[in-house]
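**Q** can't give you the sequence, but here's the structure:
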C-alpha cells in the first residue's frame, strides 16, 4: 500500500513536468494547428546551453536557468521562422516535415558540439529530503509540482485577462477572424511559440536538474512525452494538457514499479493506443472537441 | 562495382521500401509515424520463417510481406476513422508498442545445435539463409532492386488504372470521395495494408542482408525519416520518396564532403526545399510538367 502511495507521489511529480511539456505542445498546436516536431530539440538546445554554462564557469542556478530558457526560446524562434512562418498556411504537412528536419539539425548540432555521452547538470542538492512517515519526498519533485501549478495559473491569467491572451484565443478559434479583427497574426503566433518554448524550457530545466545529467537523447524523449500527454488529454485545453501529463506520470510510475522498465514501455504505449481508439476526444474531451476535429482533419 | 557502392545502393533500395510505404499513406491523406513497425514485423516474420522454421527464402520473404500487410490492415481498421493527428499518434503508439514488445519477445528453437530465433532485447542473430546459399552482395542487390522494381511497377499500374486516382481523391477530399460513392474507410484500410506489405517486404529483405536484427533498430527516428523522404522527394509520383532517399543516403551520407555534418546540411536543405515547394520536389505540378515534356 505504501508502495502505491509512494509511486503516486513520484508519478505526480514527474507527471507535472510532462504536463508542462504537453502545455507547450498544446499552445503551439492551438495557435498554429500544426505539430511542432522540433519542440523537444529546441528545449534540448536550452538544456545544453545551461550545462555549458555550468561546465564553463560553475555558474549558479539562476544564470543556468536563464541560459536554459534563452537557449530554448532562441532555438524555437529559429524553428518558427523556418518551419512555420515562411511556409504557406495550407501546407500543414510541409511544416511538420520541415520541423522534423530542423529537429535533426539541432540535435545533430548539439551532438557535434557536445561529443560526450552525457554531461553534468546542477541539481538542487541544497534542499533537504523530506520524510513524511514512511514516505520520501524529493525536493526536486515538490519544486516540479509547484512550478507546474504556478505556471498553469499564470498562463491561464494571461490567456483570460490580457489583450494578448484574447488575441491568442481568437487566433486559435479562427485565423481568418483574427486577421479581420486586426490581430497581427504573425506576431502573436511568434510570441506564442516563444512562450511555449519557455514553458518547455522550464520543464526541461526541472527534469535535467532532477536527473543531474543530460544526454542528446533527451530531445526525442521530451517530444514523445509531451505528445503522448497532449494526446491523452484530447488536445482540448490547457487544463487537459496538465491532466494528461499527470495521468501519464502516474501510469508510468506504477508500471515501472510493478512491471519493470520494459513492462512500463509496453503499458504506456498499449494504453495510449487503446485510449486513442476508445476515447479519441481524450480525457478532457469537451463540446468544442467537434470544432477542433474539423481543424485536425485537415492536418 | 566495388563493395562500397553496392552497400550504398542496397541501403538506398531497402530504405526506399520504407519511404514508399509512408508515401502511400500520405497519398491516402494520412500521416504515419509508425511504418518502421511493419518493417520490423516483416523482418522478424521472415527471419523466423527461414531461420527457425527452415522455410525457403522466397517463402520467407512472401511471409514477411503478407504478415506486414495483414497487420497493417488490421491496425488501420480501428484507427483509420480517427482524425488525422490522432491517427498519426496512434501509428506512433503502435510502432513503439511493437518495439517494446519485441524487447521481451523470445522464441527460440534448437537448430544445428544453436539456439536460433529472436531473444528479446538481445536481438535475433543468425538469419543466415542468404549467407549460406552463397549469394554475393552484388547478386543480393539485384534481388532487392528487383523486388523494389516490382513495387514501383505495382504503384505505376495503380496509377494507370483507377486505384491511384481513388487513393488521391480519398486523401485530398474524403467528403467529395464519399459523395462519389467511394468507401473512404475501406480505401484507406486497403492503402494501409498495401503500405504494411511494402514495409514488410523491405524488412524481410533487410533481415536477410543484415543477418542480425534487434528491436532498437526500428525506432521512431527510422519511421520519421521514412516519412520525411516522401515529403522532400515529392507527393506527385512514387519516384518522389526514392528521390528523398537518394538525396539523404546517396548524396549526403555517401559523399565524404559532408561527412559528420550530414544532418546539419540535410536538415537545412529540407527546410529550404519545403519553403519553396511544400509538397516536395516532385510534386504534382512538376510531375505534370515533366511528363508533358517527355510526351513532346
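**A** Perfect, thanks for sending it. The structure presented is a predicted model; accordingly, all values stated were derived computationally and were not measured. Numbering: from 1, shown residues only, chains lettered A, B, ... in the order given.
**Q** And the residue of chain A closest to chain B?
**A** In chain A, the residue that lies nearest chain B is residue A:105 (2.8 Å; CB to the nearest CB). (Each C-beta comes from the backbone N, C-alpha and C, glycine too.)
**Q** residue ranges for the strands of the stretch 1-150 of chain B, please.
**A** B:109-111, B:114-116 (DSSP state E, counting those that start in this stretch).
**Q** Would you mind finding the most buried of those?
**A** Ranked by mean neighbour count, these are led by strand B:114-116 with a mean of 15 (mean count of other CB atoms under 10 Å in any protein chain shown).
**Q** Next, see if stretch B:109-121 gets close to chain A.
**A** Yes. Stretch B:109-121 is in contact with chain A by CB under 8 Å from any CB of the partner chain, via residue B:121.
**Q** just to revisit the earlier point, could you export the strands of the stretch 1-150 of chain B as JSON lines, including mean pLDDT?
**A** Converted to JSON lines, the strands of the stretch 1-150 of chain B look like this (pLDDT from 0 to 100):
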{"stretch": "strand B:109-111", "mean pLDDT": "83"}
{"stretch": "strand B:114-116", "mean pLDDT": "83"}
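**Q** Any chance of JSON lines for those, columns distance to residue A:29?
**A** Output for those, formatted as JSON lines (distance: least, CB to CB, whole Å):
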{"stretch": "strand B:109-111", "distance to residue A:29": "48"}
{"stretch": "strand B:114-116", "distance to residue A:29": "47"}
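**Q** low-scoring stretches of chain A, by residue?
**A** A:89-90, A:125-127, A:234-236, A:280-299 (pLDDT under 70).
**Q** In it, where's the longest helix?
**A** Of all the segments assigned as helix in chain A under DSSP state H, the longest by residue count is helix A:238-278.
**Q** Compute the inter-axis angle for the helix or strand harbouring residue A:229 and helix A:238-278.
**A** Element membership of residue A:229 [criterion: DSSP states H and E] is helix A:218-233. Per axes from the mean of the first three to the mean of the last three CA atoms, to 10 degrees, the angle that helix A:218-233 makes with helix A:238-278 is 80 degrees.
**Q** Now helix A:218-233: buried residues?
**A** Applying a neighbour-count criterion of 16 or more other CB atoms under 10 Å in any protein chain shown, one finds A:218-220, A:222-233 buried in helix A:218-233.
**Q** ok, now stretch A:74-94?
**A** By neighbour count on 16+ other CB under 10 Å, the buried set for stretch A:74-94 is A:74-80, A:82-85, A:87, A:91-94.
**Q** Filter the residues you listed down to just the ones in helices.
**A** Counted as lying in helices by DSSP H, out of those, are A:74, A:75, A:76, A:77, A:78, A:79, A:92, A:93, A:94.
**Q** how about the residues of the stretch 101-250 of chain B near chain A?
**A** By CB under 8 Å from any CB, the part of the stretch 101-250 of chain B that sits against chain A consists of B:101, B:103, B:104, B:121, B:174, B:220, B:221, B:224, B:227, B:228, B:231, B:232.
**Q** In PyMOL, select just the buried ones from the residues you listed.
**A** To isolate the buried members of these in PyMOL, using 16+ other CB under 10 Å:
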select buried, chain B and resi 101+103+174+220+224+227+228+231+232
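**Q** follow-up on the earlier one: farthest pair within the buried residues of stretch A:74-94?
**A** Farthest pair in these (CB to CB) is A:74 and A:93. Separation: 26.1 Å.
**Q** Which residues of the stretch 1-150 of chain A lie near chain B?
**A** Residues of the stretch 1-150 of chain A lying near chain B (CB under 8 Å from any CB): A:35, A:37, A:82-83, A:86-88, A:91, A:93-98, A:100-109, A:112.
**Q** ok, the nearest residue to residue B:3 once chain neighbours are set aside - contacts?
**A** Nearest residue to residue B:3 in three dimensions, chain neighbours excluded: residue B:137, at 6.6 Å (CB to CB, 6 or more residues apart in numbering or on different chains). For residue B:137, the contact set (CB atoms under 8 Å, 6 or more residues apart in numbering or on different chains) comprises B:3, B:6, B:7, B:10.
**Q** quick one: which of those is most hemmed in?
**A** Compared across the contacts of residue B:137, residue B:10 has the highest neighbour count, 21 neighbours, by other CB atoms under 10 Å in any protein chain shown.
**Q** Could you report the pLDDT at that residue?
**A** We note a pLDDT of 92 for residue B:10 in this prediction.
**Q** quick one: it from chain A, how far?
**A** Relative to chain A, residue B:10 is positioned 23 Å away (CB to the nearest CB, to the nearest Å).
**Q** how many neighbours does the closest residue to that residue other than its chain neighbours have?
**A** Of all residues beyond its chain neighbours, the one nearest residue B:10 is residue B:141 (4.9 Å), with distances taken as CB to CB, 6+ apart. Using other CB under 10 Å, residue B:141 has 22 neighbouring residues.
**Q** Count the neighbours of residue A:60 for me.
**A** 11.
**Q** residue contacts, it?
**A** Listed by CB under 8 Å, 6+ apart, residue A:60 has no contact partners.
**Q** Now do the phi/psi pair for it.
**A** phi -80, psi 180 (degrees, to the nearest 10).
**Q** Verify the stated contact: residue B:143 with residue B:205.
**A** Yes. Counting by CB atoms under 8 Å, residue B:143 touches residue B:205, with 7.4 Å between them.
**Q** more crowded one of the two?
**A** Just comparing residue B:143 and residue B:205: by other CB under 10 Å the higher neighbour count belongs to residue B:205, 28 against 19.
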